[in-house]
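> Got a sequence here, can you build the structure:
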Amino acid sequence: MKAEYINPFLESARIVIEQMIAVRPTTGQLGVREVKFAEKYLWIEIGLTGQMNGVIMFELHEEVALKLVSAMMGGFVLNEMDDMGRSAISELGNMISGNASTMLFNQGVRVDITPPKVIQWADMTDGPRKALTIPLIMDGIGAMDIQVLVA
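Alright, predicted model coming up:
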């Protein structure tokens, strides 16, 4: 795994989140860690094909996801992750990944993305995997881990 794979996704996430909810995220420590699927978390999974093959995942605690979606919806408070919330959080992942794929293209790396899939811990069938991970911290909302699993 190369650290430069995560940079376009990190920069794109900063830009998209700031535009969507007017919060400038900060970053935590970059590292390689085992992705463990836990209760009360959800993941936005987007496949990568082309010159990069693998998966980008955005991991959020359900509480963080609800706050993020509520902010995206102009302050309309969601108390549970319903179809509207899953659609909104899925679109956030799509916008971040689409923007990142454009950045990669501008760097000479051709990559296509698959439609986002929102996964909750109960839906997980895969075992733990290692990923290049960096937390994105949103003041007043919480953290979202960006995880890159690229071959």
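> going forward, measure contacts between C-alpha atoms and count neighbours the same way
Noted.
> Partner strands of the helix or strand of the chain with the lowest mean pLDDT and their direction?
Using mean pLDDT, DSSP states H and E, the weakest-scoring helix or strand in the chain turns out to be strand 31-35, at a mean of 86. Here strand 31-35 has these sheet partners by DSSP bridges: strand 129-138 (antiparallel).
> List the buried residues of the strand it pairs with.
A131, L132, T133, I134, P135, L136, I137, M138 (16 or more other C-alpha atoms under 10 Å).
> Quick one: name whatever helix or strand follows the least confident helix or strand of the chain.
Using DSSP states H and E, the helix or strand that follows strand 31-35 in sequence is strand 41-50.
> where along the chain do the helices fall?
Taking DSSP state H, the helices of the chain run over residues 7-21, 62-72, 83-106.
> Give me the helices and strands touching the longest one, please.
Using 3 or more C-alpha pairs under 8 Å, 6 or more residues apart in numbering; DSSP states H and E as the contact criterion, the elements in contact with helix 83-106 are helix 7-21, strand 41-50, helix 62-72, strand 111-113, strand 117-120.
> ok, and what's touching that helix?
8-9, 11-13, 16, 44-46, 58, 65-66, 68-69, 72, 78, 110-113, 115-118 (C-alpha atoms under 8 Å, 6 or more residues apart in numbering).
> next one: the shortest one
If you take C-alpha under 8 Å, 6+ apart as the criterion, helix 62-72 is touched by 20-21, 40-42, 76-81, 85, 88-89, 141-144.
> Run a quick neighbour tally on L149.
Here the count is done by other C-alpha atoms under 10 Å, and L149 has 23 residues near it.
> How about V109?
When neighbours are counted by other C-alpha under 10 Å, V109 comes out with 14.
> Can you mark which positions in the least confident helix or strand of the chain are buried?
In strand 31-35, counting by 16+ other C-alpha under 10 Å, buried: V32, V35.
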